[in-house]
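Enquirer: I would like to see how this sequence folds:
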Amino acid sequence: MSAALYIDVPDAFTASYGAHGEEARAWLAELPRVGGEFLDRWGLRPDGPPAYGMASLVLPVLQADGTPAVLKLQELREETVGTALGLRAWGGDGIVRLLDHDEESATQLLERLDATRPLSSVPDDFAAVRILTELMARLTSVPAPEGLRRLSDVASAMLDQVPQAVPALRAPGEQRLVRSCASAVAELLGEPGDRLLHWDLHYDNILAGEREPWLAIDPEPLAGDPGFELLPALHNRWDEVEATGDAPRAVLRRFDLMTEVLGLDRRRATGWTLGRVLQNALWDIEDGKPALEPAQIVIATALLRREGMTAAV
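Expert: Now for the predicted structure:
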C-alpha cells in the first residue's frame, strides 16, 4: 500500500451527522482515513469537492482508466446494510450502477450521475411524478433477494409500538389518526409482498444520467409491497401541493396517477401508504415531538376519508 491518504470532510457534515450520537462521532473521526484507504485500494483520484446528504459523504473520483465515478462513504446501519445486495439485484436498471463495494464498511463505488440535475428541477410537478412512478415500476418489478429486511417485520414492530406511543400525542384527533393507520396496517400484515423496494424514492433521489435520462440513487432496500413506496412522492414539493388551494385533492391526484402507473389495488396501496405515515409518526414521537407533521395529517386524512376508513381528524 502507498503512503497513507486522507480525505477532507466538510465541517458542516461533521457538525450535522455528529449530532446523531457517540457512534456517529466515532465513525466521523475515522472517516478521513477510511476515505483515503479506499482511494488507494480502488486506484481512485479525487475529481472535485465532496458533497454530502443527511447520512453520507460522496466524493467525485476518477477511476484508473479515467472513468468518472463517486466514492460513497456511509456508516454501516440497519438501513444501509442491504444496499449493495439491492443494487446488485437491480443491476443498474433504472438505478445507479454499483461498481465496487466493501461489505464491512458499507463503502461503495458508484456510477457518477449529474448531481446538479435532480428530478426536483423538472418544473411540471405532474410530469415529475410520472417520471418517478415509471422508475418505481421498474424497480419494484424485481423480486427481493434473500437477506433483506422484510416489510412484515417492520410492520409488526410498528404495531407493537403503537399502544405506548400514541398517548404522547397531545391532540385526540391525531391519536385517532395514528390508530386508524395502525388498523389499516394490521389488515395487510398477512400479505406484506415480496418486491424489491427502494424505500426512499423522492425527487431528490433521482438524478439525470448519461445512459438513461433519469436514474434513482440512495436506496435503503426492503422486501415488501410497492404500496409502501408511495408516501415520499406524495409529500415531496409540499409547497406546490398547498399552492393548489386544495391540498387533499392534489394529494389524491398524485396518488391516483401512481397507483394507475404501478397497477396497484387502490385500497391496498392506501393501507401501506398509511403504514408509512404510521412509521413517520412513531419516529416523531420517539424524537419527543407531541404533534404530527401537518403534511402527514393531510395525506392520511385524504386517503382515509376517500376509502371511508375513519372519521375526520
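Enquirer: Not including adjacent chain positions, what is the nearest residue to residue 270?
Expert: Spatial nearest neighbour of residue 270, excluding adjacent residues (CB to CB, 6 or more residues apart in numbering): residue 303 at 4.8 Å. Where you see a C-beta, it was placed from the backbone N, CA and C, and this is true even at glycine.
Enquirer: was I right about residue 42 contacting residue 109?
Expert: Yes. Using CB atoms under 8 Å, residue 42 makes contact with residue 109 at a distance of 5.8 Å.
Enquirer: Find residues that contact each of those two.
Expert: Between them, residue 42 and residue 109 share these contacting residues under CB atoms under 8 Å, 6 or more residues apart in numbering: 63, 71, 100.
Enquirer: So the second one, which state does it fall into?
Expert: The local conformation at residue 71, judged by DSSP: H, G, I helix; E, B strand; the rest coil, is strand.
Enquirer: is it in a bridge, and if so with what?
Expert: For residue 71, the beta-bridge partners are residue 59, residue 109 (DSSP bridges).
Enquirer: Please name the residues that touch it.
Expert: Residues touching residue 71, when contacts are defined by CB under 8 Å, 6+ apart, comprise 35, 38, 39, 42, 44, 58, 59, 61, 107, 108, 109, 110.
Enquirer: Now stretch 154-170: buried residues?
Expert: 154, 155, 158, 159, 161, 162, 165, 166, 169 (16 or more other CB atoms under 10 Å).
Enquirer: got a list of what the residue nearest in space to the middle of the chain touches?
Expert: With the centre of the chain defined as its mean C-alpha position, the nearest residue by CA atoms, centre = their mean is residue 200, 1.7 Å away. Taking CB under 8 Å, 6+ apart as the criterion, residue 200 is in contact with 218, 219, 220, 232.
Enquirer: Contacts only, for the third one.
Expert: By that I understand residue 220. Here residue 220 is in contact with 79, 80, 82, 83, 198, 199, 200 (criterion: CB under 8 Å, 6+ apart).
Enquirer: Try it again at 6 Å.
Expert: 79, 199, 200 (CB atoms under 6 Å, 6 or more residues apart in numbering).
Enquirer: ok but it is inside a helix, no?
Expert: No. Inclusion of residue 220 in a helix is not indicated when three-state DSSP is applied; the result is coil.
Enquirer: From residue 257, how far off is it?
Expert: As judged by CB to CB, to the nearest Å, residue 220 and residue 257 stand 24 Å apart.
Enquirer: Which residues does the host helix or strand of the residue nearest to residue 270 contact?
Expert: Secondary structure assignment for residue 303, by DSSP states H and E: helix 294-307. Applying CB under 6 Å, 6+ apart, the set of residues contacting helix 294-307 from outside is 177, 180, 234-235, 238, 247-248, 251-252, 267, 270, 274, 277, 280, 310, 313.
Enquirer: Farthest pair within these?
Expert: Of all pairs drawn from the contacts of helix 294-307, the widest gap by CB to CB lies between 238 and 267 and measures 24.5 Å.
Enquirer: Give the helix, strand or coil label for residue 57.
Expert: The three-state label for residue 57, taken from three-state DSSP, comes out as strand.
Enquirer: Check the residue nearest to it when sequence neighbours are not counted and give its pLDDT.
Expert: Sequence neighbours aside, residue 73 is the residue nearest to residue 57 in space, at 4.6 Å (criterion: CB to CB, 6+ apart). The model reports residue 73 with a pLDDT of 96.
Enquirer: Contact partners for residue 73?
Expert: Neighbour list for residue 73: 35, 57, 107 [criterion: CB under 6 Å, 6+ apart].
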